[in-house]
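**Q** What shape does this take:
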Amino acid sequence: MIGLPERVRHRGLEWTVSRAWPVAEGPVPVELRAGHRVRGAWWSSGRLAVAPAGEDPALPGLHGITGDVVSHRPGKRAVVRAPDGTAYLKIVRPKKAAAVIAAAERAAPFGTAFAVPALERDTDAEGRGVVRFSALPGSTLHAWGASDHGDPHAPWAAWHDAWIALAGTDAAAATPHDAAAEVAVVWEWAGHAARALPVDGDAIRRRADAVQARLLRHPSSRLVLAHRDLHDKQLLWDGDRLGLLDVDTVSAAEPELDLANLKEHVDLRAEQGLWTPARADVARTWIDRTAYAVGADPERMAAYRASTRLRLACLYLFRPRWRGWAERALLT
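**A** Residues are numbered from 1 along each chain as shown. Purely as a prediction, here's the structure:
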């Protein structure tokens, strides 16, 4: 799978292999991009099998749907922007639609501090695995970090205030994700990376051992409402209010988990050369202020940052453009 190319030609177009998802065996699901076009594909035995546009046997709700495909993980999920831009359709296996809906309902408390996509119920569509959410205005903080326009502090100051406002939110309805659960995620990704880089498998497993030791040393029993995948592409800024996307992973977790995840993504963007050092420093400053304001423990922050760093390195190992960065991050 590490032989997956960064670019391929298909039907006269050059497509970028934007990402792949590791599997224990069998064909590997892949996402291709060419401009605004997105297609799912499968990588097996050194060859790519590209799915016809709008087709995925595991996602019957994708067939015949109108709009622009925004992302597509073959066999698992796709996101489509409605033609008029007022909604996004999350398309999953039909049996998974109920879980997407339930997660959105559990995440309702985020709406007290952030703009969040409204769930627009349609039982017929949901029976086909299509869940509809309203669109939010604004651009991502990922794009903001790469820009040299506007006040770089404004969206982060707004995020700081919103995150502090959420700090006391009751998380009793959310699924717990404690340190032990985080360890399980680390080992899952370390396993993928070790299979992809068998020569370096022992080194990767040693890294995972070290992360596990830090996570399980002095874990906190204080679990708060957590997004659990908080990063710069999940936050939208419209110049007035922040929006928060993709709440499927809403959990009750240690307060350091989301903050560490967000800060490590800021470091990643700087290392990728996608953000200027100045914009990354602004983001780090506001994340640190927020961590102090909510009483985050520095030792737990360090533990969750190490966990995030390892997980991101494993994840980006399967994104051809960033494979070199991922190998360096894993092995140095």
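**Q** Grab the most central residue of this protein for me.
**A** D229 (5.3 Å; C-alpha atoms, centre = their mean).
**Q** Apart from its neighbours in sequence, what residue is nearest that one?
**A** T249 (4.9 Å; C-beta to C-beta, 6 or more residues apart in numbering). Just so you know, the C-beta spots here come from the backbone N, C-alpha and C atoms, and that holds for glycine as well.
**Q** which phi and psi does the one you found have?
**A** When quoted as degrees, to the nearest 10, the phi and psi of T249 stand at phi -100, psi 20.
**Q** which ones are touching it?
**A** Applying C-beta atoms under 8 Å, 6 or more residues apart in numbering, one finds that T249 lies in contact with A103, H227, R228, D229.
**Q** Tell me which residues touch the second one, please.
**A** By that I understand H227. With contacts defined as C-beta under 8 Å, 6+ apart, H227 is in contact with F110, Q234, L244, V247, T249, V250, D258.
**Q** Correct me if wrong: the last one contacts L225.
**A** No - with contact defined as C-beta atoms under 8 Å, D258 does not reach L225; the gap is 9.2 Å.
**Q** would you list every one of the helices in the stretch 1-150 of the chain?
**A** Using DSSP state H, counting those that start in this stretch, the helices found in the stretch 1-150 of the chain span residues 97-106, 123-127, 141-146.
**Q** right, so those: which one is the most enclosed?
**A** Mean neighbours per residue, mean count of other C-beta atoms under 10 Å, is largest over the helices of the stretch 1-150 of the chain for helix 141-146, with a mean of 20.
**Q** Skipping its backbone neighbours, what lies nearest A270 in space?
**A** If the residues on either side of it in the chain are set aside, A270 comes closest to A280, at 4.0 Å by C-beta to C-beta, 6+ apart.
**Q** from memory that neighbour sits against L268, does it?
**A** No - A280 lies out of contact with L268 (C-beta under 8 Å); the separation is 9.6 Å.
**Q** Please enumerate the shared neighbours of the two.
**A** Shared contacts of A280 and L268 (C-beta under 8 Å, 6+ apart): none.
**Q** residues in contact with the residue nearest to D56 when sequence neighbours are not counted?
**A** Leaving out its chain neighbours, the residue that sits closest to D56 by C-beta to C-beta, 6+ apart is L62, at 5.1 Å. Shown in contact with L62 (C-beta under 8 Å, 6+ apart): G54, E55, D56, A78, V80, I91.
**Q** you'd agree the second one is up against H63?
**A** Yes - checked against C-beta under 8 Å, the pair E55 and H63 is within contact range at 6.4 Å.
**Q** Now do L62 against H36, distance only.
**A** The gap separating L62 from H36 is 17 Å, by C-beta to C-beta, to the nearest Å.
**Q** before we move on, the earlier item: relative to L32, which of the helices of the stretch 1-150 of the chain is closest?
**A** L32 sits nearest to helix 141-146 of all the helices of the stretch 1-150 of the chain, at 20.5 Å, using C-beta to C-beta.
**Q** other SSEs contacting that closest one?
**A** The contact analysis (3 or more C-beta pairs under 8 Å, 6 or more residues apart in numbering; DSSP states H and E) places helix 141-146 against helix 154-166, strand 235-237, helix 255-272, helix 277-293.
**Q** neighbouring contacts of that helix?
**A** With C-beta under 8 Å, 6+ apart as the test, helix 141-146 has contacts from 150, 152, 155-156, 159, 231-233, 235-237, 266, 269, 274-276, 279-280, 283.
**Q** so which strand or helix has P219?
**A** Assigned by DSSP states H and E, P219 falls within no helix or strand.
**Q** Let the chain start at 32 from now.
**A** In the new count, where the first residue is 32, that last one comes out as P250.
**Q** Quick one: the helices and strands packed on helix 172-177 as a markdown table, columns for mean neighbour count, mean pLDDT and distance to G43 too.
**A** Formatted as a markdown table, the helices and strands packed on helix 172-177 follow (neighbours: other C-beta atoms under 10 Å; pLDDT from 0 to 100; distance: least, C-beta to C-beta, whole Å):
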| stretch | mean neighbour count | mean pLDDT | distance to G43 |
| --- | --- | --- | --- |
| helix 185-197 | 19 | 97 | 40 |
| strand 266-268 | 23 | 98 | 35 |
| helix 286-303 | 22 | 98 | 30 |
| helix 308-324 | 17 | 97 | 38 |
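**Q** for these, which one sits closest to W74?
**A** Checking the helices and strands packed on helix 172-177 against W74 by C-beta to C-beta gives helix 286-303 as the closest, at 23.3 Å.
**Q** any idea how far the closest one is from the chain center?
**A** Mean-position distance between helix 286-303 and its chain equals 12 Å (C-alpha atoms, centre = their mean, to the nearest Å).
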